[in-house]
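Trainee: Quick one, fold the following:
(2 chains)
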Amino acid sequence: MLRLIGKRLLLLIPTLIGLSILLFLWVRALPGGPATALLGDKATPEAVARVNEAYGFDRPILEQYFIYMGRILSGDFGNSLLTNRSVLEEFAARFPATLELTAFAMIFAVALGIPLGYWAARNVGRWQDQLAVLLSLMGVVVPVFFLAFILKWVFAVQLGWLPTDGRQDPRIDATHYTNFFVWDGMITGEYDAAWDALLHLVLPGVALGTIPLAIIARITRASVLEVQNADYVRTARAKGLAPRLIRDRFVMRNALLPVVTTLGLQLGLLISGAVLTETVFAFNGIGSFLWDAIFNLDFPVLQGFIIFIAVVYSLINLLVDVSYGLIDPRVRVS
Amino acid sequence: MSVNLPPTAGGPAEGLTPGGSPAPGPGSGGLVPGMTATVPAAGPGPGVGIDPGRDPGGPVRGTSVWMDAFLRLRRNPAAIAGAVIVALFLLVAVLAPLIAPYPGEAVPGAREITPGDIPGPGELPQYPLGLDRFGGDVLSKLVWGAQSSLMIGVVSTALGLAGGMLLGLLAGAFGGWIDGVVMRIVDILLSVPNLLLAVSIAAVLGQGPYAVMIAIGVSQVPIFARLLRSSMLSQKGSDYVLAAQTLGLSRRTITMSHVLPNSVGPVIVQATLTLATAVIDAAALSFLGLGGGRPETAEWGRMLTYAQSELGIAPWLAFLPGLCIAITALGFTLLGESLREALDPKSRAR
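Mentor: Alright, predicted model coming up:
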């Protein structure tokens, strides 16, 4: 198991080096060059010269790359052009919000998607199946920001059941330690604050979680359909094992493998989906911060975010591979 | 060459018999085990594309895999629905100059309208779907938006297809270190989410429709590359490749005339599905303001951006373009999924 993890970590290195080279070239390809990218296009020539000197943009290209890598590895992604605070600080302040939202979305997607897929597979060809298929098709073709609009309009604007935007009602005087608002409310005993934060998560979370929900449901359905006719399942039935036992130990355990792969991929995609969702709901996480960065071409933030996402994405894929080993002993052996 | 190599031999008899196996209904229609539109080549999907080697039905004279697929598509209601939507979309996009009542951005002579006074659908006879805050006729903008979506979707998918097939072909045909290098490139591209990759590319190229096309195209490259590679790898192990090798055919001939034609099925299916994603991605990018041009540009994504602030007063300004995006994507998805199903030998057995 440890060897598997080690091997996967080693494979990560060439990918990340390749990515860093791409990013390095990217910053240099930006209109106006790297100094302008760091300072914004209103920079004075003196400031540009100063940055060129300080960052070594006037040195040979190979040397520049090593300077660049040194900075990145020490966690220096520069300052945001918009807020003038360090990119790392900005991320650290906002990441809990996005993580909270993503977690909500993922729980929503998994908790509904797997049972829905299983239910559809058990009733293949009947109306339950057709309903599930239709729902999952809708989830794929409706753009996440449009879905966010619809949800907001119906449940917040028209019905007024849920808050329209933000992370918490500003009138609530809540204490924040970790910036995970729900968690903060729980540990400080401010349950109304926690509840309010949770309510604020519902609409963006559902919007964000719908695409993974649809995909998880269809993968589960397809996977269960394949597994449930396998010989070992038939044998288990013939032996007269309880249906529940067959479902949990024989069908689901084997059917979940492709679902886990999908989960990993979807988790990565969720973070970019968060850009669009957080924007619609004015949810102050990394996503809406990135939207501002995109709109204002805040390159240090964009660059930092790409590195961050790539690392997170690779780590998630690593986790997926490791969890294969946990679910399927055959993977561990080979 | 009279040897019976199977590339085009494969249609089973049921493709022609009128009341053969029942056509896949809308329930099973659209879903085939193992693959999805947005998961790049993760499942067992690509491997099960066309497998002419195992054909229980026996070859029918004159029925190619594609002809057979077409016959099966014709009986599938989901495929027909998809085809109708796609055809309508194409018609509107191509005939936009004839259909649209007004030129793209604004009605001539119109001024900005304060949000409270925005006329809704049916309120003014000369503007059937009302106006937006820039004084643009919503119906015209939707029609022109179809054209711009089609342009971006087709061009970007063609780019992604060309790049991805080239990389996939290199990796699949040569293997070894070339495969290693290509797959690392693909890994790197995959480690950056599509949207972000597109944003970074647009940042370098400047804002505008071409940047969006290239950005979406590049973000599709890894999907096609992986798909073609794995499809080719699974074909390379087939008996007919062995047969061709024993006959002493050159590797180039085997790869280009036998392996490649048999491997493109999943890629074509994916391209159809990718058109749906491309339309959505194009909308997302122009929603984010990367499409370039002025705020009143007639693009579905852009229309949504500016509908945000009027959601409480004029919700249709958001719903109409959103619906257009979703229906177009639905059309391509239905068509692509049905095509996948029609080409999948596994679903024929059912």
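Trainee: Centroid-nearest residue for chain A?
Mentor: residue A:271 (3.0 Å; Cα atoms, centre = their mean).
Trainee: And that one, how close does it get to residue A:277?
Mentor: To residue A:277, residue A:271 is 11 Å away according to Cβ to Cβ, to the nearest Å. No exception for glycine: its C-beta is placed from N, CA and C like everyone else's.
Trainee: and for the two, which residues touch both?
Mentor: Common contacts of residue A:271 and residue A:277, defined by Cβ atoms under 8 Å, 6 or more residues apart in numbering or on different chains, comprise residue A:287.
Trainee: if I pick residue A:260, what's in contact with it?
Mentor: Contacts of residue A:260 by Cβ under 8 Å, 6+ apart are A:320, A:323, A:324, A:327.
Trainee: ok, and the nearest residue to the second one once chain neighbours are set aside, which helix or strand is that part of?
Mentor: I take that to be residue A:323. Nearest residue to residue A:323 in three dimensions, chain neighbours excluded: residue A:260, at 5.7 Å (Cβ to Cβ, 6 or more residues apart in numbering or on different chains). Assigned by DSSP states H and E, residue A:260 falls within helix A:253-280.
Trainee: For residue 127, give me phi and psi.
Mentor: No chain specified, so I'll use chain A. Dihedral angles of residue A:127 (phi, psi; degrees, to the nearest 10) stand at phi -60, psi -30.
Trainee: That was the other one, I meant chain B.
Mentor: Torsion angles, degrees, to the nearest 10, at residue B:127: phi -120, psi 90.
Trainee: ok, it touching residue B:136?
Mentor: No. Assessed by Cβ atoms under 8 Å, residue B:127 is found out of contact with residue B:136, at 9.4 Å.
Trainee: was I right about residue A:275 contacting residue B:195?
Mentor: Yes. Residue A:275 lies in contact with residue B:195 (Cβ under 8 Å); the separation is 6.6 Å.
Trainee: Can you list the helices and strands that whichever strand or helix holds residue B:72 packs against?
Mentor: According to DSSP H and E, residue B:72 maps onto helix B:65-74. Contacts defined by 3 or more Cβ pairs under 8 Å, 6 or more residues apart in numbering or on different chains; DSSP states H and E place helix B:65-74 against helix B:77-94, helix B:316-343.
Trainee: Deepest-packed of those helices, please.
Mentor: helix B:316-343 (a mean of 24; mean count of other Cβ atoms under 10 Å in any protein chain shown).
Trainee: near chain A at all, that helix?
Mentor: Yes. For helix B:316-343 and chain A, the contact criterion (Cβ under 8 Å from any Cβ of the partner chain) is met by B:318, B:319, B:322, B:325, B:326, B:329, B:330, B:333, B:334.
Trainee: packing partners for that helix?
Mentor: helix A:127-141, helix A:144-151, helix B:65-74, helix B:77-94, helix B:138-174, helix B:260-287, helix B:300-307.
Trainee: how about those, which one is nearest residue B:246?
Mentor: helix B:260-287 (17.7 Å; Cβ to Cβ).
Trainee: Please state the offset of that closest one from the chain centre?
Mentor: 3 Å (Cα atoms, centre = their mean, to the nearest Å).
Trainee: could you give the angle of it to helix B:138-174?
Mentor: Between the axes of helix B:260-287 and helix B:138-174, defined by axes from the mean of the first three to the mean of the last three Cα atoms, to 10 degrees, the angle is 140 degrees.
Trainee: could you give the angle of helix B:260-287 to helix A:127-141?
Mentor: 70 degrees.
Trainee: near chain B, which residues of the stretch 101-250 of chain A?
Mentor: Counting by Cβ under 8 Å from any Cβ, the stretch 101-250 of chain A sits next to chain B at A:124-126, A:129-130, A:133, A:136-138, A:140-146, A:149-150, A:152-153, A:157, A:211, A:215, A:218-219, A:221-223, A:225-226.
Trainee: one step back: so between residue A:275 and residue B:195, which is more surrounded?
Mentor: Using other Cβ atoms under 10 Å in any protein chain shown, the more surrounded residue of residue A:275 and residue B:195 is residue A:275, with 27 against 23.
Trainee: pLDDT value on that one, please?
Mentor: pLDDT for residue A:275: 78.
Trainee: So which of the contacts of residue A:260 is the closest to chain B?
Mentor: residue A:320 (9.9 Å; Cβ to the nearest Cβ).
Trainee: ok, how many other residues are close to the closest residue in space to the closest one that isn't next to it in sequence?
Mentor: Leaving aside its sequence neighbours, residue A:320 sits nearest to residue A:264 (Cβ to Cβ, 6+ apart; 3.6 Å). As a burial measure, residue A:264 scores 19 neighbours (other Cβ under 10 Å).
Trainee: ok now do residue A:264, which residues does it touch?
Mentor: Taking Cβ under 8 Å, 6+ apart, one finds A:316, A:317, A:319, A:320 in contact with residue A:264.
Trainee: okay if I get these as a markdown table plus secondary structure?
Mentor: Conversion of these to a markdown table gives the following (DSSP: H, G, I helix; E, B strand; the rest coil):
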| residue | secondary structure |
| --- | --- |
| A:316 | helix |
| A:317 | helix |
| A:319 | helix |
| A:320 | helix |
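Trainee: which among the residues you listed end up buried?
Mentor: A:316, A:317, A:319, A:320 (16 or more other Cβ atoms under 10 Å in any protein chain shown).
Trainee: quick one: the spatially closest residue to residue B:148 that is not a sequence neighbour from residue B:95, how far?
Mentor: Spatially, and ignoring its direct neighbours in sequence, residue B:148 is nearest to residue B:299 (5.2 Å; Cβ to Cβ, 6+ apart). Look at residue B:299 and residue B:95: by Cβ to Cβ, they are 18 Å apart.
Trainee: what about the helix or strand where residue A:52 lies, average pLDDT?
Mentor: Assigned by DSSP H and E, residue A:52 belongs to helix A:45-55. The pLDDT scores in helix A:45-55 average 74.
Trainee: Any residue of the helix or strand that it is followed by touching chain B?
Mentor: Next in sequence after helix A:45-55, counting helices and strands by DSSP H and E, comes helix A:61-73. No. For helix A:61-73, no contact with chain B is found by Cβ under 8 Å from any Cβ; the gap never falls below 15.2 Å.
Trainee: can you give me the angle helix A:61-73 makes with helix A:45-55?
Mentor: Going by the same axes, to 10 degrees, helix A:61-73 makes 80 degrees with helix A:45-55.
Trainee: quick one: buried residues of the next helix or strand after helix A:61-73?
Mentor: Sequence-wise, the next helix or strand downstream of helix A:61-73 (DSSP H and E) is helix A:87-122. Buried residues in helix A:87-122, counted by 16+ other Cβ under 10 Å: A:87, A:90-91, A:94-106, A:108-110, A:112-114, A:116-122.
Trainee: Which strands or helices does helix A:87-122 pack on?
Mentor: helix A:127-141, helix A:181-188, helix A:191-227, helix A:253-280, helix A:286-295, helix A:299-327.
Trainee: and the residues of helix B:316-343 next to chain A, which two are the farthest apart?
Mentor: Taking Cβ to Cβ as the measure, those have their most distant pair in B:318 and B:334, spaced 24.2 Å apart.
Trainee: pLDDT score assigned to residue 115?
Mentor: Picking chain A for this. Predicted confidence (pLDDT) for residue A:115: 87.
Trainee: Chain B is the one I meant
Mentor: Taking residue B:115 on its own, its pLDDT is 65.
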